[in-house]
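Trainee: show me how the following folds:
(4 chains)
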There are 2 protein chains.
Amino acid sequence: MSHVPPATVEEILAALRLSGGRITTTRRATVETLLANTDRHISADDIVAAVRARYAEVAESTIYRTLSTLEELGVITHMHLDHGPATFHLADRRHRHLVCRGCGAIIEAPADLFAGLVSELEGRYGFTLDEEHFALTGLCVACRG
Amino acid sequence: MSHVPPATVEEILAALRLSGGRITTTRRATVETLLANTDRHISADDIVAAVRARYAEVAESTIYRTLSTLEELGVITHMHLDHGPATFHLADRRHRHLVCRGCGAIIEAPADLFAGLVSELEGRYGFTLDEEHFALTGLCVACRG
DNA sequence: ATAATTGCAAAGTCTTTGCAGTTTG
DNA sequence: CAAACTGCAAAGACTTTGCAATTAT
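Mentor: Just a heads-up that it's a prediction; the model follows:
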C-alpha cells in the first residue's frame, strides 16, 4: 500500500535496467503494449500480435520470457479469467474481476468489496489473499435465467 | 440449497442411467474413485491411475469423457487449485479452498466465510458467484515471511 | 568483451476429438 | 439392434526449454 509500482514506459524500463536487464526494441514494444491496454485483458498471444503488427517480428517465446521477467520484477501480474490463456496487466491495478461463465462478460469490482474477506482470512488463517490471481467466476444477471 | 445431489455410488449411477447413460465397469470405477477420495483433491490423471491400479485398463480420454458427463449431470464439479491440472470432486462439497502459492498447502475454509461477499455481489451486480470454480490463492502464515 | 536476449524448433502439460470397434440395455 | 461407450492415436491450446546466433552495454 505504501509502494506504487512504476507506471510509465520509461519507469518500467529503468527498473528493468536497474535489475541488470537490457532494453531491447521488443521489450520496449512489449511494455508499451501493456501500458496501452490497461483497460483490456490481454494474453501473451495478444501481445505477440500487437508487437508484430506495430514494431517487429518476435518469437512467442521471447514474449513469454519478457513477461516473466517483468513479473519477477513485480511490475506486472498475470491473472486467469477462466479457462484459456492467462492475461497480463500492471501490478498496480486495484480492482477484482468477475467473469460470467455464461457469456464471458467481465465485471470489474472495486477492491474494497473484498476487504472483509481479506481480513477475515488473515485473522482466522494467517492467509494473505492474492486477490488478483484468479478471477471469480459465476453467472451475470442476464445469464442466470 | 433445497436439493442435495446424489452421494453414493449407486445413486450416482442411477442418475447416470436415468439420463440415458450406460453403466460400465470403468464408469463405476471412476465414480468409486471419486467417492473414495472426497477428502483429497484429485486430478483426471489421478483417477486414471486409480482405475488402472484397481480395476482395469482405461484410456485417459475415457476418463475425461466420463468426468464431463458427470459434470453435465451436476454430480461433480472441477476446480482449479492453481496452475496445473484441474481437480474433481462431488458437487455437494461445502467448503472453499485457499491455496498457498509458496508451499502448495491447501486450507479448507467454511462456506459461510464467503456469505457476505456472495450477497454483496448478488446485490450490487446481480452476479451469482460460483464459489468453487477457482480456489483462492495467496500465502500461508509460514510462507509469507 | 561478455553477459543478456533472441529465434527457432522441439518438447511439455493438460485436455479434446475423430473414428472404427465394442458393449450395454 | 441401436445407441452409447471405449481405445487409440492424433491434434489442440497454452507455455516452457535448449541451444546456437545475435545484441546491448
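Trainee: tell me how far the residue nearest to A:V48 when sequence neighbours are not counted lies from A:A44.
Mentor: Closest residue to A:V48 apart from its sequence neighbours, by C-beta to C-beta, 6 or more residues apart in numbering or on different chains: A:I63 at 5.0 Å. In short, each C-beta sits where N, CA and C put it, glycine included. Distance of A:I63 to A:A44, given as C-beta to C-beta, to the nearest Å: 6 Å.
Trainee: how about A:A91?
Mentor: 17 Å.
Trainee: cool, and A:E60?
Mentor: Per C-beta to C-beta, A:E60 is found 7 Å from A:A44.
Trainee: now do A:T33
Mentor: Going from A:T33 to A:A44 by C-beta to C-beta gives 11 Å.
Trainee: same thing with A:Y64?
Mentor: For A:Y64, the distance to A:A44 - C-beta to C-beta - is 6 Å.
Trainee: what residues does chain A put near DNA strand C?
Mentor: Contact residues (C-beta under 7 Å from any atom of the strand) of chain A with DNA strand C: A:16, A:20-22, A:24, A:26-27, A:56-62, A:65-66, A:69.
Trainee: what parts of chain A come near DNA strand D?
Mentor: Counting by C-beta under 7 Å from any atom of the strand, the residues of chain A near DNA strand D are A:17, A:22-25, A:43-45, A:60-61, A:64-65, A:68, A:84-86.
Trainee: ok, longest helix in chain A?
Mentor: Identified as the longest helix of chain A according to DSSP state H is helix A:60-73.
Trainee: how far does whichever helix or strand comes after that helix sit from the chain's center?
Mentor: Using DSSP states H and E, the helix or strand that follows helix A:60-73 in sequence is strand A:76-79. The chain centroid and the centroid of strand A:76-79 are separated by 3 Å under C-alpha atoms, centre = their mean, to the nearest Å.
Trainee: so what secondary structure elements neighbour strand A:76-79?
Mentor: Packing contacts for strand A:76-79, counted by 3 or more C-beta pairs under 8 Å, 6 or more residues apart in numbering or on different chains; DSSP states H and E, involve helix A:60-73, strand A:87-90.
Trainee: can you add mean neighbour count, distance to B:C103 and mean pLDDT and give these back as CSV?
Mentor: Converted to CSV, these look like this (neighbours: other C-beta atoms under 10 Å in any protein chain shown; distance: least, C-beta to C-beta, whole Å; pLDDT from 0 to 100):
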stretch, mean neighbour count, distance to B:C103, mean pLDDT
helix A:60-73, 16, 19, 98
strand A:87-90, 20, 25, 95
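Trainee: nearest to A:T8, of those?
Mentor: Checking these against A:T8 by C-beta to C-beta gives strand A:87-90 as the closest, at 10.5 Å.
Trainee: can you list the strands that the closest one pairs with?
Mentor: Using DSSP bridges, the strands paired with strand A:87-90 are strand A:42-43 (antiparallel), strand A:76-79 (antiparallel).
Trainee: average pLDDT across the longest one?
Mentor: The average of the pLDDT scores along strand A:76-79 is 95.
Trainee: contact partners of that strand?
Mentor: For strand A:76-79, the surrounding residues in contact (C-beta atoms under 8 Å, 6 or more residues apart in numbering or on different chains) are A:34, A:41, A:67, A:70-71, A:86-91, A:93, A:97, A:132-135.
Trainee: neighbours around A:Y55, how many?
Mentor: 15 (other C-beta atoms under 10 Å in any protein chain shown).
Trainee: A:I107 reaches B:F127, doesn't it?
Mentor: Yes - here A:I107 reaches B:F127: they are 6.2 Å apart, a contact under C-beta atoms under 8 Å.
Trainee: who has more neighbours out of these two?
Mentor: B:F127 (25 against 20).
Trainee: which stretches of chain A form strands?
Mentor: Assigned by DSSP state E, the strands in chain A fall at A:42-43, A:76-79, A:87-90, A:95-100, A:106-110, A:128-129, A:136-139.
Trainee: how about those strands in a markdown table, adding distance to A:T8?
Mentor: As requested, those are arranged in a markdown table below (distance: least, C-beta to C-beta, whole Å):
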| stretch | distance to A:T8 |
| --- | --- |
| strand A:42-43 | 18 |
| strand A:76-79 | 14 |
| strand A:87-90 | 11 |
| strand A:95-100 | 20 |
| strand A:106-110 | 22 |
| strand A:128-129 | 29 |
| strand A:136-139 | 30 |
